Every structure is written in C-alpha cells, then in structure tokens.
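**Q** Just need the structure, nothing else, for what follows:
(one chain, ligands or ions: 1)
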Amino acid sequence: MSEDGTWKGAAPRPISRAAEREKAEAEGEDRKEEEAKMMEGGVEGKEGEDGKVWWRVAGPGLPHEGSRLHTCIEGRYVTLFRHRGVLSAIDAICHHAGGPLTLGAIEDIEDLGNSVVLCPWHKFMVDIVDGTKAYRKVEVQGGKPVVGGWVRGKVVQRAHSVREDEGGVYLVRNHT
Ligand code: FES
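**A** Below you'll find the predicted structure:
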C-alpha cells in the first residue's frame with residue numbers, strides 16, 4: 001500500500017473457503033483411517049536397537065496437547081495422553097472392574113506433583129504416567145475420621161514406554 005492509500009502490489013486474492021474445507025475434510029478422513037487401523041491393532045511394530053518392539057501409534061505431534069488417543073496393540077487397549085507437554089501411555093480399561101478409564105477426566109494433584117485420570121465408574125484415580133493410584137487417606141482426629149492428605153499408592157494400572165521422533169509416536173507394550 002502506498003502513502004496515498006492506493007494499492008501498488010498484486011491485488012489481494014480472496015481466500016478459498018471451499019479449498020480450506022476440502023483440505024480439512026481430507027485430513028480428518030486420514031486421521032479417521034489411521035485411528036480405525038490402530039483400533040484394529042493394525043499398527044506397525046518394529047524391533048528397536050534396544051531389542052524391544054516399538055509400535056508406531058500416531059503421526060508426529062499426536063495426540064495434540066491436552067488430548068488423548070486410543071489404540072490397540074496385540075489385542076491390548078491403550079490410551080496415549082499428551083498432558084502438560086508429557087507423552088504417556090497406560091492401559092485403557094480400568095484395573096478395578098473393567099470400567100472405561102480411558103474416558104475419565106484428568107486432574108492435576110499439586111500435593112503429589114502428578115496428574116491422574118479419574119475412572120468414570122467408581123472414581124479411582126490413576127497416575128497417567130506410571131499407573132500408580134492416588135487417594136486421600138483417612139485420619140482420625142478426636143475420635144472422628146476426617147479426610148487427610150494425598151497419598152501415592154502402588155502401581156495398579158499397566159504403563160507403557162513412549163517415545164516420539166519426526167516419524168511419529170511409538171510405544172512399547174509393557175507385558176508385566
Ligand atoms: S471400574 Fe474403574 S474405578 Fe471401578
């Protein structure tokens with residue numbers, strides 16, 4: 001734009017909403033296909049230098065910050081989280097009674113310095129990185145039970161190793 005307000009460069013081109021929509025739809029279809037393949041357990045597994053089988057479960061950057069992704073490795077349902085910049089993976093089905101842990105809300109517990117997923121069925125809390133449980137202990141004060149501080153309990157949910165590079169996100173299924 002010149003000083004007198006007239007346009008001197010090439011005329012601005014209108015943004016093609018249709019082209020943008022087509023691109024977004026194509027990306028959405030690709031993602032759906034990739035997710036369907038993962039849920040069928042059709043993801044790629046390759047032996048790494050460490051002798052472990054690393055399964056490619058997502059493209060680079062997925063899942064996006066604050067979201068999660070569901071996959072199936074050798075018949076085992078696993079949820080991949082990216083929360084506060086940390087990628088982690090734990091079994092998707094709750095250890096307690098088979099509930100949909102994978103659908104639970106995530107809570108950050110400041111006192112423990114960790115983040116847990118809250119099972120929708122009976123409200124058990126499981127650390128999304130190492131699978132330990134978290135709970136508040138009961139203390140007896142003046143002969144009455146009161147809710148006490150937070151406690152990190154034992155490992156209750158299987159956690160899996162995760163790594164990411166420019167080719168995608170990979171995980172090792174932990175069998176123990
Ligand atoms: S099934 Fe998850 S807490 Fe009971």
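**Q** List the contacts of residue 63.
**A** With contacts defined as C-beta atoms under 8 Å, 6 or more residues apart in numbering, the neighbours of residue 63 are 69, 80-82. Quick note: C-beta positions are derived from backbone N, CA and C, even for glycine.
**Q** same thing but 7 Å
**A** Going by C-beta atoms under 7 Å, 6 or more residues apart in numbering, residue 63 touches 69, 80, 82.
**Q** Of those residues, which is the most crowded?
**A** For these, the largest number of neighbours (other C-beta atoms under 10 Å) sits with residue 80, at 25 neighbours.
**Q** Any residue of the host helix or strand of that residue touching the ligand?
**A** Per DSSP states H and E, residue 80 falls inside strand 76-83. No - in terms of C-beta under 6 Å from any ligand atom, no part of strand 76-83 sits within range of the ligand; the closest distance is 13.2 Å.
**Q** Make TSV out of the contacts of residue 63 and add pLDDT.
**A** TSV is the format used below for these (pLDDT from 0 to 100):
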residue	pLDDT
69	94
80	97
82	97
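**Q** Any chance of CSV for the residues you listed, columns distance to residue 117?
**A** Formatted as CSV, those follow (distance: C-beta to C-beta, whole Å):
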residue, distance to residue 117
69, 14
80, 12
82, 13
